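Student: Sequence and predicted structure, then a few things I'm wondering about:
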Amino acid sequence: MKKIVLLMIVVLTIVLTGCTKDNPVEPAIQTELKKAFPRHGNYYQVFVRSFADSDNDGIGDINGITENLDYLEDLGVNGLWLMPIHPSPSYHGYDVDDYYAINEDYGTLEDFDRLVDEADKRGINIIIDLVMNHTSNHHEWFIDHPEWYTSFSYFGAWMPELDYSKPEVRDAMLQVMKYWLDKGVSGFRVDAAIHLFNSKTYVNGLPATADIKQTVDYYTMLRAQLRKDYPELYLVGEVWASKDYTASFYQGFDSLFNFDYSTKVIDTVTSSNVSNYGSTINGYYRSFQNIMDSYNARFVNSNEIYIDAPFIKNHDQDRTASLINDTENVFAAEMLLALPGNPYVYYGEELGMKGVSSNGTNNVWDETRRLPFLWGTEDQTNWCTACVDYNKEVKPLSEQKVNESSLYNTYKTLLNLRNDYPALMYGTFELVDNDLSNVDVFKRTIVFGDYSQEVWVYHNFSNVSVNIDTTGYEVIYNTNHTDELEPMSSIYMVKK
């Protein structure tokens, strides 16, 4: 009898404590949501060479990532994008020598298998960079099958382009993708996704319309083919163009990087005269969503939904902290991590790392956008000894961790809020008209069976503090922890 009473007390305690401020949603609901939305997550972009050095050779490696998975999990990351990991003659890896191997600087296939296993234990999915458009001119395909390649080379003669009009090429790349999916990756970030077909002259720097149609048709077929054996496959594409141009690519991709947003967020936080919804970041987002909804209604697979991939900056752009000040950096993070879709955080953004285009070791202009992650410990890499060090004044992780007001702790709080509040991770987006001058308001809403949640987000673009009526809501985030919404700050609150 005592055992039964004790069991009842334990069960009651679990039920009563299942939804607390620290754990606002019952674990059972979270589990079901993750099953229903297997392609959603907070993604973190890693340049392996710069991230973490496990063997003291100065170069980041696969084992260095594995040894720091606890850091990523604690930060709130549940998706990891690894920039190219294959053998390559270049430091960046975007000219691949062998799609079936690991760059020896980074480790072995066994190291990679261990990384996938350990990441899975922490609920972290891994996607890898897949350079489908071109290979290195040292690749055995180029040597043994020159007929597999086109005479056109958008990225340079040392990166010859594959000819996807040939069945042999399509089949060879399909086998590459299946190999890595069988190894446990969740999907791929497809590099230069817009360039696969180039039979006609480019127009305004972009492939001709007929070639674009061929490219979209190919990706649509490819995803459908892979989904038969890998139903949770996730594909995110690099289509560096405006939203009007890229939208049709959602026929073959789950996500596309939102380059328009990347530009808009910097413009918005640095603007001194934001006076209407049309010029604010959330007004932009409403416009973006309208365009995407119209395309979504016309997709071949009507049951597919687009998952936006907003980001602030990536490895091909000058770093955020080199473009805006500390206050603006916090504000940019608050805007990014309140939006729907899968946000992508470039490694070191959470520390405010800096870097701009300049000469590196071999006068390569982008090395200094990809400088070593600032651990402040023995994990630090030092492969780019000739690079300009833009991070001399930036505090390393070891110092930012113990500073509650650090940028790192802002990112950690916001990323974990997305994990804790399903409306932020999976919910719809609706801009709310209001009479507050230069304050944007929107709500994120999810209805899942009998469960529902509504989170309201306020961004103050003005230069004065405003009062926010929180009646009926619980404030779950406030930039400055005050009763008012101060300039260049945000409030998130959940409806009770």
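Tutor: That came through, no problem.

Student: For the rest of this, base every contact and every neighbour count on C-alpha atoms.
Tutor: Noted.

Student: my guess is residue 25 meets residue 421, correct?
Tutor: Yes - A contact is recorded between residue 25 and residue 421 when judged using Cα atoms under 8 Å, the distance being 7.1 Å.

Student: So which of the two has more stuff around it?
Tutor: More neighbours surround residue 421 than the other of residue 25 and residue 421, with 21 against 18 (other Cα atoms under 10 Å).

Student: So for stretch 120-140, first residue to last residue, what's the gap.
Tutor: Terminal residues of stretch 120-140 lie 33 Å apart, using Cα to Cα, to the nearest Å.

Student: What ranges does the stretch 301-450 of the chain have for its strands?
Tutor: Remark: strands of the stretch 301-450 of the chain, listed N- to C-terminal, are 344-346, 428-432, 439-448; assignment by DSSP state E, counting those that start in this stretch.

Student: So which of the ones you listed is nearest residue 410?
Tutor: Nearest to residue 410 among the strands of the stretch 301-450 of the chain is strand 344-346 (12.9 Å), distances taken as Cα to Cα.

Student: what sits up against that closest one?
Tutor: Defining contact as Cα atoms under 8 Å, 6 or more residues apart in numbering, one finds that strand 344-346 is touched by 42-46, 309-315.

Student: just the helices in the stretch 1-150 of the chain please.
Tutor: In the stretch 1-150 of the chain, the segments counted as helices under DSSP state H, counting those that start in this stretch are 2-17, 27-36, 48-51, 62-67, 69-75, 109-121, 140-144.

Student: ok, now the stretch 351-496 of the chain?
Tutor: In the stretch 351-496 of the chain, the segments counted as helices under DSSP H, counting those that start in this stretch are 397-400, 407-420, 422-426.

Student: Can you list the neighbours in contact with the shortest one?
Tutor: Outside of helix 397-400, the residues within contact range by Cα under 8 Å, 6+ apart are 351, 374-377, 406-409.

Student: likewise the longest one?
Tutor: In this structure, residues lying in contact with helix 407-420 by Cα under 8 Å, 6+ apart are 22-25, 42, 74-77, 330, 333-334, 337-338, 350-352, 397, 400-401, 403, 424-425.

Student: Any idea what the most centrally placed residue in the chain is bridged to?
Tutor: For the chain, residue 344 is the residue whose C-alpha lies nearest the centre (Cα atoms, centre = their mean; 2.1 Å). Each beta-bridge partner of residue 344 is listed here: residue 43, residue 311, as defined by DSSP bridges.

Student: Stretch 65-81: which residues count as buried?
Tutor: For stretch 65-81, a neighbour-count test (16 or more other Cα atoms under 10 Å) marks 65-66, 69, 72-73, 75-81 as buried.

Student: likewise stretch 254-273?
Tutor: By 16+ other Cα under 10 Å, the buried positions in stretch 254-273 come out as 254-262, 264-266, 268-270.

Student: Using PDB, write out the CA atom coordinates for that stretch.
Tutor: Provided in PDB are the C-alpha atoms of stretch 254-273 (Å, rounded to 0.1, in the frame of the first residue of the first chain):
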ATOM      1  CA  ASP A 254      12.800  22.400 -47.700                       C
ATOM      2  CA  SER A 255      14.600  25.600 -46.900                       C
ATOM      3  CA  LEU A 256      16.400  28.400 -48.800                       C
ATOM      4  CA  PHE A 257      18.800  30.800 -47.200                       C
ATOM      5  CA  ASN A 258      17.000  34.200 -46.900                       C
ATOM      6  CA  PHE A 259      19.600  36.600 -48.300                       C
ATOM      7  CA  ASP A 260      17.100  39.400 -48.600                       C
ATOM      8  CA  TYR A 261      16.600  39.100 -44.800                       C
ATOM      9  CA  SER A 262      20.400  39.200 -44.200                       C
ATOM     10  CA  THR A 263      20.600  42.500 -46.000                       C
ATOM     11  CA  LYS A 264      17.400  43.900 -44.400                       C
ATOM     12  CA  VAL A 265      18.300  43.100 -40.800                       C
ATOM     13  CA  ILE A 266      21.500  45.100 -41.000                       C
ATOM     14  CA  ASP A 267      19.800  48.000 -42.700                       C
ATOM     15  CA  THR A 268      17.100  48.100 -40.200                       C
ATOM     16  CA  VAL A 269      19.100  48.100 -37.000                       C
ATOM     17  CA  THR A 270      21.300  50.800 -38.300                       C
ATOM     18  CA  SER A 271      18.500  53.000 -39.600                       C
ATOM     19  CA  SER A 272      17.800  56.300 -37.800                       C
ATOM     20  CA  ASN A 273      14.500  56.900 -39.400                       C
END
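
Student: Give me the residues contacting it.
Tutor: The set of residues that contact stretch 254-273 without belonging to it, under Cα under 8 Å, 6+ apart, is 234-243, 246, 249-250, 274, 279-281, 284-285, 304-313, 323-324, 328, 331-332, 461, 488.

Student: Give the ChimeraX command for selecting the buried subset of those residues.
Tutor: Buried members of the contacts of stretch 254-273 can be picked out in ChimeraX with the line below, counting by 16+ other Cα under 10 Å:
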select :234,235,236,237,238,239,240,241,243,246,249,250,274,280,281,284,285,305,306,307,308,309,310,311,312,313,324,328,331,332,461,488
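
Student: For stretch 313-321, buried residues please.
Tutor: When neighbours are counted by 16+ other Cα under 10 Å, the buried residues of stretch 313-321 are found to be 313-315, 318-321.

Student: Greatest separation within the residues you listed: which pair is it?
Tutor: Pairwise distances across those (Cα to Cα) peak at 13.3 Å, for the pair 315 and 321.

Student: and the helix ranked longest in the chain, what's its mean pLDDT?
Tutor: Ranked by residue count and defined by DSSP state H, the top helix of the chain is helix 209-227. Averaged across helix 209-227, the pLDDT comes to 95.

Student: what distance separates the helix or strand just after it from the middle of the whole chain?
Tutor: Next in sequence after helix 209-227, counting helices and strands by DSSP states H and E, comes strand 234-237. Between the mean C-alpha point of strand 234-237 and the mean C-alpha point of its chain there is a distance of 10 Å (Cα atoms, centre = their mean, to the nearest Å).
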